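1. Test case, fold it:
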Amino acid sequence: MSDQNAPGASAAPSGPGSTAGFRPTAVAAVQLAAIGESIGVVVPGASGSVPVTGISLNSRAVQPGDLYVALPGASRHGADFVSQAVEAGAAAVLTDDAGARLLAFSHDIAVPVLLAEEPRSLVGGLSALIYRSRPEDAPSPALYGVTGTNGKTTTTYFINALLQALGQKTGLIGTIEILAGGEPIPSLLTTPESTDVHALLALMRERGLDAASMEVSSHAISFRRVDGVVFDVAGFTNLTQDHLDLHGSMEEYFQTKAELFTPARASKAVVTVDDDWGAKLSGTAAIPVTTLATHADAGAMAGTGAPAAADWTVSRQAPRGLGTDFTLRHRDGTELRVHTGLPGSFNVANAALATVMVLAGGHDAAAVQTALDAADPFTVAVPGRMQLVSTAPAAVVDFAHNPDALARALDAVRSPEPGSRVIIVFGATGQRDQGKRPAMGAIAARRADTVIISDDDPHDEDAAAIRADVLAGAVEAKEREGLDCSIIEVFPRDAAIRKAVELAGPADTILVAGRGHEVWQEVKGVNLALDDRVELRSALTARGFTVLEDQRIES
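-> The predicted structure is shown next:
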């Protein structure tokens, strides 16, 4: 998190900074003159020899030797915190004209101050320079980046698990946690700030990791959190309605995602062409693309309807347990037998994408098949992603928080057993795309037997107003389409979860959707402890149902 409170940054509980443990232990100093030269700024006199060993956007995370970058924000300018940064050991400051004016009215700054017109655009490149995160003259971990609306987290976990099965020492950067060959670091953003991303990549290189997978959100691209990073393989899952509060339209959302598939950000790509956006991306990407189709009618080019055969296709799907066996076939006749233990067709797509990305990363198909057979890597538990809490009733926690993800999750948990009902608990996030709220309500009404509308993370918005938007969509769909479902509103969320368990019989399914792995609920700036998995276990136990052992998530 930076001092300027950039849009899209997630609120987090108070406590240790999110950047603890991100940095390599040894960084060769870069002289300030070299930093100035890289951004076209002349550093006069003795200031040019000032050594810089780190970079930070957050005055509270500054370490001795850092370049502190003071950026403008929604409410405060980073220049307001320069004194704190210098007290913490900042060796120099980079800011804009507005920041310089603020500094002119403050006490004398005892470190050099560099000025740039748009310093935000320079942070990624400077971070790469200072940390030598991906140097051309030294080996670095192979880097896999996954973008798309849904499936990013699961796909990166699948890539991580498959690479480990291939004997690789791996790292992971994503929504849930960050792994760099040591203890997991809880993650506060889907993709950390670019200063932290480059520090993490340097840490992974220092620890001798072979490969790393990273979630790349549209926010990360828009807010320049992956500037200066070139992925060896970029992957695309899908594109459905979400984040239109930031992007305004689906076309703008797509264009932001498409920026990842350019030579400045990736060397090659694997694109899932199950939707028109994927097909469009595969035809417009400026880097070599391998295409993947995971269902029979995939691969139609956007706007033309003309089928385009994908390089890899999924076929011969057969259920096994909660998961699926399937065949992944290349156009040259190569076939791989794949299994995922996670339910839903979307997890078939995630597993297929992970496999093809690893193949695109240079791993031999025969070695991949051996790893798939021996380790079953796609049965890895992913926190809050179709996470099973009990089996009778089936109780599942999932992160589904947009219309497409909610529909897929509801379809995935529907039991074929006669008389089995689906009970869903969900809401919508405050201060986010309001247009998806009634759509999500309608989807729940169409696909569930009992719809319990509650709170997600209201943030600073009125929780009752958010519930009303979701409720209106559900009620309208029920009345207009004559749906046979019950719709109730229960809050707070823990009470809604208890209500779902009260209504459930052993043959039913409970889906608690929207928050997944999250353990805090933000209400009016206050973070309340709330973990859907804990609440669900507690409610099930209180009713005498048996819950599954709460094992630590594999990663």
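
2. Going by C-alpha atoms from here, please, whenever you check contacts or count neighbours.
-> Fine.

3. Dump stretch 104-114 to PDB, restricted to CA.
-> This file holds the C-alpha atoms of stretch 104-114, laid out as PDB (Å, rounded to 0.1, in the frame of the first residue of the first chain):
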ATOM      1  CA  ALA A 104       9.100  24.100  -0.400                       C
ATOM      2  CA  PHE A 105       6.800  25.000   2.500                       C
ATOM      3  CA  SER A 106       8.200  22.400   4.800                       C
ATOM      4  CA  HIS A 107      11.500  22.100   6.700                       C
ATOM      5  CA  ASP A 108      14.700  21.700   4.700                       C
ATOM      6  CA  ILE A 109      15.000  18.100   3.300                       C
ATOM      7  CA  ALA A 110      18.400  16.700   4.100                       C
ATOM      8  CA  VAL A 111      18.400  14.300   1.100                       C
ATOM      9  CA  PRO A 112      18.400  14.900  -2.700                       C
ATOM     10  CA  VAL A 113      15.100  15.500  -4.300                       C
ATOM     11  CA  LEU A 114      14.500  14.500  -7.900                       C
END
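
4. Neighbours of residue 515, how many?
-> As a burial measure, the neighbour count of residue 515 was computed by other CA atoms under 10 Å and equals 26.

5. Skip the chain neighbours and tell me the closest residue to it.
-> Of all residues beyond its chain neighbours, the one nearest residue 515 is residue 399 (5.0 Å), with distances taken as CA to CA, 6 or more residues apart in numbering.

6. do residue 531 as well
-> residue 519 (4.4 Å).

7. What of residue 442?
-> Spatial nearest neighbour of residue 442, chain neighbours left out: residue 474 (4.2 Å); criterion: CA to CA, 6+ apart.

8. what's the neighbour count on the one you found?
-> Number of residues near residue 474 (other CA under 10 Å) recorded here: 28.

9. Residues in contact with the strand or helix carrying it: which ones?
-> For residue 474, the host element (DSSP states H and E) is helix 463-481. Applying CA atoms under 8 Å, 6 or more residues apart in numbering, the contact partners of helix 463-481 are 427-430, 437-446, 453-455, 458, 483-485, 487, 489.

10. And stretch 94-114, by the same measure?
-> Contact with stretch 94-114 is made by 36, 41, 43, 47, 67-72, 77-80, 83, 86, 90-93, 115-119, as judged by CA under 8 Å, 6+ apart.

11. Tell me the buried residues within those.
-> Neighbour-count burial (16 or more other CA atoms under 10 Å) is assigned, among those, to 36, 43, 47, 67-72, 77-80, 83, 86, 90-93, 115-116, 119.

12. and those residues, which of them are in strands?
-> When DSSP state E defines the strands, the subset of those inside them is 67-70, 92-93, 115.

13. residues contacting the residue lying closest to residue 121 once chain neighbours are set aside?
-> Leaving out its chain neighbours, the residue that sits closest to residue 121 by CA to CA, 6+ apart is residue 224, at 7.2 Å. When contacts are counted by CA under 8 Å, 6+ apart, residue 224 is found next to 120-121, 124, 193-194.

14. which intervals of the stretch 351-500 of the chain have sub-threshold pLDDT?
-> In the predicted model of the stretch 351-500 of the chain, no residue satisfies pLDDT under 70.

15. Do you have the strands of it handy? List them.
-> Along the stretch 351-500 of the chain, counting by DSSP state E, counting those that start in this stretch, strands occupy 387-391, 394-398, 422-426, 450-453, 486-489.
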